[in-house]
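Asker: Just the structure for this:
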Amino acid sequence: MTVFSEIDVKKIILGTVNIRKTDVELKIDELAKSIEEQGLLQPIIVHEMGKEFELVAGQRRFAAFARLGRTTIPAMIIDTSDTNTLLLLSLLENVQRVDVDDRDRAAAIEKLVDANNGSYETVAKMLGMSEATIRTWSGYHGVPEELKEMKDKGQIKREEAIRLTTMLGPSKAIKVAKEISKLPQVQRKKVVTGIKKYSLLETEEVIAIAKRPPIVKQVTIRFMTSMMTALEKAAAARGETPENTVEYVVREWLTKHKYI
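Answerer: Got it, this is the predicted structure:
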């Protein structure tokens, strides 16, 4: 049974099911102003625990109400003691939002996977995501904080942080990430792929191979007049030579079909 009610904010506690652990203060002032002008358009979700209520979803809304000095807040009280259900409700409420920190999303999904006996497939169906996506987020939960900070700064990608941690372990992953963080994306990809492919080589050797300049070979391609005209238009739109555009198109096609 679900009940809608005005709840005393002093009786609300942040429990273990609420997924948001970081960036709770993100744009709270803007949200508080919006609530003051328009009211709370979406009630928070809570679970009754004796004389108190555990917050399931709506942590920023709750924080905004507190900032406004409100003593009560509209809430949807759900009648369940199933932790798995509470966590799922919190995830469905928050996991798709762009302002939820990657760490919180990864930790929440990992917790949900644990609650479902390690079944990525089950969690994927629950959240309407692919199993590969769930595995990615679950893997990101185990990435060392230093790599997550590098990802936040745009020095490496999330997938690179996960793969390096999985293949090398936390300590060495951090060391390698620092070495390759200033490399172009193409060379970083060569390193990450090479570590798995050339397992007999030392990591330093793989990095050295990735840094080698590419071998350039000239290839002659003949185009019909109509294709050449289209190519020249595309090159002009991209602000480059037709040769550069041909190289881009061929590389994208080869990458898409996994030839490189």
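Asker: tell me the contacts of residue 150?
Answerer: Residue 150 is in contact with 156, 161, 177-178, 181, counting by Cβ atoms under 8 Å, 6 or more residues apart in numbering. No exception for glycine: its C-beta is placed from N, CA and C like everyone else's.
Asker: repeat that for 6 Å
Answerer: Neighbouring residues of residue 150 by Cβ atoms under 6 Å, 6 or more residues apart in numbering: 156, 177.
Asker: Now the helix or strand hosting it: buried residues?
Answerer: Per DSSP states H and E: residue 150 is located in helix 145-152. By neighbour count on 16 or more other Cβ atoms under 10 Å, the buried set for helix 145-152 is 147-148, 150-151.
Asker: so which of the residues you listed comes closest to residue 116?
Answerer: Within the buried residues of helix 145-152, proximity to residue 116 (Cβ to Cβ) peaks at residue 148, which comes in at 24.6 Å.
Asker: Just give the closest residue to the closest one, not the sequence neighbours.
Answerer: Nearest residue to residue 148, sequence neighbours excluded (Cβ to Cβ, 6 or more residues apart in numbering): residue 103, at 6.3 Å.
Asker: ok, the one you found - how many residues close by?
Answerer: 17 (other Cβ atoms under 10 Å).
Asker: How about exporting the helix or strand harbouring it as PDB, limited to the C-alpha atoms?
Answerer: Per DSSP H and E, residue 103 falls inside helix 102-115. The C-alpha trace of helix 102-115 is given here as PDB (Å, rounded to 0.1, in the frame of the first residue of the first chain):
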ATOM      1  CA  ASP A 102      29.300   8.200 -11.800                       C
ATOM      2  CA  ARG A 103      30.600   6.900  -8.500                       C
ATOM      3  CA  ASP A 104      27.100   6.800  -7.000                       C
ATOM      4  CA  ARG A 105      25.600   5.200 -10.100                       C
ATOM      5  CA  ALA A 106      28.300   2.500 -10.200                       C
ATOM      6  CA  ALA A 107      28.000   1.800  -6.400                       C
ATOM      7  CA  ALA A 108      24.200   1.600  -6.600                       C
ATOM      8  CA  ILE A 109      24.300  -0.800  -9.600                       C
ATOM      9  CA  GLU A 110      26.900  -2.900  -7.900                       C
ATOM     10  CA  LYS A 111      24.800  -3.100  -4.800                       C
ATOM     11  CA  LEU A 112      21.800  -4.100  -6.800                       C
ATOM     12  CA  VAL A 113      23.800  -6.800  -8.600                       C
ATOM     13  CA  ASP A 114      24.900  -8.200  -5.200                       C
ATOM     14  CA  ALA A 115      21.300  -8.200  -4.000                       C
END
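Asker: Tell me the helices and strands packed up against that helix.
Answerer: Applying 3 or more Cβ pairs under 6 Å, 6 or more residues apart in numbering; DSSP states H and E, one finds that helix 102-115 contacts helix 83-94, helix 131-141.
Asker: weakest of the ones you listed by average pLDDT?
Answerer: Across these, helix 83-94 has the smallest mean pLDDT, namely a mean of 62.
Asker: Spatially nearest residue to the spatially most central residue of the chain, not counting backbone neighbours?
Answerer: With distances taken as Cα atoms, centre = their mean, the residue of the chain nearest its centroid is residue 102 (4.9 Å). Distances taken as Cβ to Cβ, 6+ apart place residue 140 nearest to residue 102, at 6.6 Å, with adjacent residues excluded.
Asker: low-scoring stretches of the stretch 101-250 of the chain, by residue?
Answerer: 126-128, 214 (pLDDT under 70).
Asker: Noted, bye for now.
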